[in-house]
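Trainee: I would like to see how this sequence folds:
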Amino acid sequence: MDSTKGNHQRRGSLGLPWVSQTQWSGEKPSRDSCFNDDESVNVKVVLRCRPPNEDEVKAKEPLVISCDEQKHEVSAILNTATKQTNRTFIFDKVFGPSTQQKDLYNQAVAPLVDDALEGYSCTVFAYGQTGTGKTYTMEGEVGKEKNGELKKNAGVIPRAVEQIFKKLESEKAEYTMKVTFIELYNEEITDLLSSPEDEEPKTAVKLMEDGKSAVFIRGLQEETVYSEDEIYRILEDGSAKKHTAETLLNKQSNRSHSIFSIAVQIMGNAYDGREVIKCGKLNLVDLAGSENILRSGATEGRAREAGEINKSLLTLGRVINALADHSGHVPYRDSKLTRLLRDSLGGKTKTCIIATVSPSLQCLDETLSTLDYAFRAKNIKNRPEVNQKNGICIPQEQYQPNDAAQKRIVELEGLYSNQQKLTADTGEKLAKAKKDLKKTEQSLSEVEAEYSQAKENIKQKQYLIYYLITSEKALTEKAIELQAELEKAESEVSRLCGKIENNNHREGNNQLVLQNFQNQLAKELELLNANIAASISQQAQQLKAVQETQKLFLSAKSKNLLQKLKDKYVSDVQNLADTAEEQTENFHVAIGKLNSEVPKCSSSIMDLVVKISSDIGSILNGLENNLTSLELKMKTFLQQEQQNQSQTYQATQVISDVLLSYFKNLTTSVSKLVHMEEELQRKYSQQICSFEKKYEELAANEGREILEKVASLLASSHAQRKQLVQAEFEFLQRCANSRARHLNKEFSNIIDCTCSTQEEWTSFIEGTKVHHTEDRAMLETWKGCIEESLRGCVKISNAVPEQWRNAQESLISQQAANTNFIDSIIKSGIERHEKVDAQLSAHVSSILAETELAIKNVLSSSEYLLELDIGRKGFDR
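Mentor: You can find the predicted model right below:
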């Protein structure tokens, strides 16, 4: 639509003059302030929490934001092992995830639209993280259904348009309406109403200031509209031109800020019948959302867009902080966004901020940042003004000459007597007030005495606390001593364990000696076998030699030689058997000694273990008894101390309640006196005004009558009476005012003294409560530490006997195993020795038998040869 339509008229309406430039902030040169509220108005802040999206529901992410719409509270609660958060914020309105678009609009935005139609400048803007529903809240679904109703999800802008047209049509007002639509992208302003055929480049749209710090946009197109459908079409066309992109947090994320403005000029009548033009303006702002680049997945150009968005929003946050802190410098000029919103934040505009947040745990940091900025924005104060067209103003009231002003020469003779009565009554009340003041002073002295007594009680309590701390220190030292004794017992146990290890080492050495003995015995047996084999071999050789000798020497001497040889051989075999028997006896002696030493060693170790076990058991029993006794005494002491502290605190609380009740009653009494004095002054004033009015009427009537008769006498008498009565009235008024001032001063002094004493006492009570709480906390802390130490000592002392029993059982089992092992070795050695002895005996017996048989054979052969020799000799003869 071309901007020249601004000259057309609404059906049945007048063509109203329009300002040529769009003003955004500061003082508007085209308006007069016909109505100025001296009182400032805070910026209205409402909060909306969106429901969890599909991804968050699938991921089953915990929700950390809870909304209480009744109390207007929103809470952020997180309790994990790594982070804990519990914060609550209060706003003007709070809308939970289930809130409908219509409910939010009716409660938060509809009143501002009505104010805009009354001639105010109003601004509504959504602020929050990306993906929290700002565009949905501001725009929603634009357009109407087939039945003419707005769509269910229509946002603030279409609902505001509908409300404006309905109200204007219901009032049948004459009006002209224009709209503008701009976009702020990367700190560059774009006119979304400009068509592609426009010859002027976008750079022609510039943000400028006039001499009065008012901000306007040069070259901005304004379209005159006549229906809702035209605005919906403009809104859809402009929204299609905005920069949007898909991120990980939002499938259609706005990459720019947009401002849709509706300006209405309405013809109306002033109270005196003159025509005035009310100029209302409604700015509807959809801010781009702040985003975390790492979570949104923005890269390259998108990252630059996010940086510019965060930069402008950061400047907006600094402006909010500066205005909330009433800082002398507000950084409006650091960003074009804050320059455009300058009049909405701290200016002459009625502003509503809709803060949108996400309930997801992943967005908790951004949500807390949004809540902090929105909460601080509540402290921003604006001074809204009704805007009117230049040249149209409301005239001053015309006051007609009043003859009564010349006739206010008042006669107050009757009032003088009444005033005297009132003065007497006031004196009585003053005397009564003085008596009450004395009573108050007396009560105050009593309070001071009680205060001194309370101080003394506090000193006693401090002494008790000091005694408690000293006792706790003594208990701590005792616990340290017990811990040292326990450590000493542990060292004794360690020493005993060392002795056990030494015994185990000695057992190992014994096993080594036994093994060496077994090896030596085996070597000796092998040597014995070798000697026997050598002896057998030697005997065989000797036998062969004997046989050969017998063959060579067959004589009588051979028998003697063989007999000697037999005797020698038997003697050698007998010596060998004796040696084997002696070796066996030595082996049995060694085995017997070893068997006798092993039980002795085992019995000595067992005696030592039993003795040490009994000693340690007695030590641990004594330690455990001491710890139990100490724990009981400590519990008794702590219970008694807690009871004393509770009694002291209750006594202090009773005194505090009595004093606070007294202070409250005293304040109420003084307030009643002040109210009575004010009521008396009001009655005085009413009576004086009534008398003055009656006197004026009487004087006017008398003046007219006397004026007809004696004008000169009337003037003289009138002047004299006026002067006399005026002087008396002024004197009486001064006296009454002086008494009232003195009385009010005394009342103020009483109230100040009472309030000061009450504040001091309240502060004292609060300090006492704090000290009591700190003392109890410190007592509980010390109690917990000491109990923990005692439990640790008891636990250790209980664990030591079990450990010692385990060590004793292990030692006994090891000793039994060693004994069994030694016995098995000895038995095995004896068996092998007996086997060798049996084999040796068998060999010796076999050798003796074979030798004897051989000797017999030799003897028989010798005898045979001898006989042959004798026969041969006989034959020779």
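Trainee: Find the helix or strand that Glu852 is a member of.
Mentor: Glu852 belongs to helix 711-876 when assigned by DSSP states H and E.
Trainee: show me where pLDDT drops low in the stretch 251-400 of the chain?
Mentor: 251-255, 269-273, 291-306, 388-400 (pLDDT under 70).
Trainee: One more: the stretch 401-550 of the chain?
Mentor: 401-419, 543, 546-550.
Trainee: the helices in it, which residues?
Mentor: 403-406, 413-552 (DSSP state H, counting those that start in this stretch).
Trainee: so can I have JSON lines of those helices showing mean neighbour count?
Mentor: Placement of C-beta: from N, CA and C, glycine included. JSON lines is the format used below for the helices of the stretch 401-550 of the chain (neighbours: other Cβ atoms under 10 Å):
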{"stretch": "helix 403-406", "mean neighbour count": "9"}
{"stretch": "helix 413-552", "mean neighbour count": "14"}
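Trainee: Break this structure into its domains for me.
Mentor: 3-389, 417-799+835-876 (automatic domain parsing).
Trainee: which residues pair with Ser258 across the strands?
Mentor: Ser258 forms beta bridges with Glu183, Asp286, as assigned by DSSP bridges.
Trainee: does it really touch Glu183, like I thought?
Mentor: Yes: applying Cβ atoms under 8 Å, one finds Ser258 in contact with Glu183, separated by 5.1 Å.
Trainee: Show me which of the two is the more surrounded one.
Mentor: Between Ser258 and Glu183, counted using other Cβ atoms under 10 Å, Ser258 has the larger neighbour count: 25 against 22.
Trainee: Which pLDDT does the model give the residue lying closest to Leu235 once chain neighbours are set aside?
Mentor: Spatial nearest neighbour of Leu235, excluding adjacent residues (Cβ to Cβ, 6 or more residues apart in numbering): Val142 at 5.4 Å. Looking at Val142, its pLDDT is 83.
Trainee: just the one 4 residues further on next, same as before
Mentor: As summarised for this prediction, Lys146 has a pLDDT of 81.
Trainee: Specify the local secondary structure of it.
Mentor: Classification of Lys146 using DSSP: H, G, I helix; E, B strand; the rest coil returns coil.
Trainee: rewinding a little: quick check: neighbours shared by Ser258 and Glu183?
Mentor: Counting by Cβ atoms under 8 Å, 6 or more residues apart in numbering, the residues touching both Ser258 and Glu183 are 192, 238, 242.
Trainee: would you turn those residues into a markdown table with distance to Pro97, secondary structure and pLDDT?
Mentor: Formatted as a markdown table, these follow (distance: Cβ to Cβ, whole Å; DSSP: H, G, I helix; E, B strand; the rest coil; pLDDT from 0 to 100):
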| residue | distance to Pro97 | secondary structure | pLDDT |
| --- | --- | --- | --- |
| Leu192 | 31 | coil | 87 |
| Gly238 | 29 | helix | 85 |
| Lys242 | 26 | coil | 80 |
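Trainee: coming back round to it: next, format the helices of the stretch 401-550 of the chain as TSV and append distance to Thr636.
Mentor: Compiled in TSV, these are given as follows (distance: least, Cβ to Cβ, whole Å):
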stretch	distance to Thr636
helix 403-406	91
helix 413-552	12
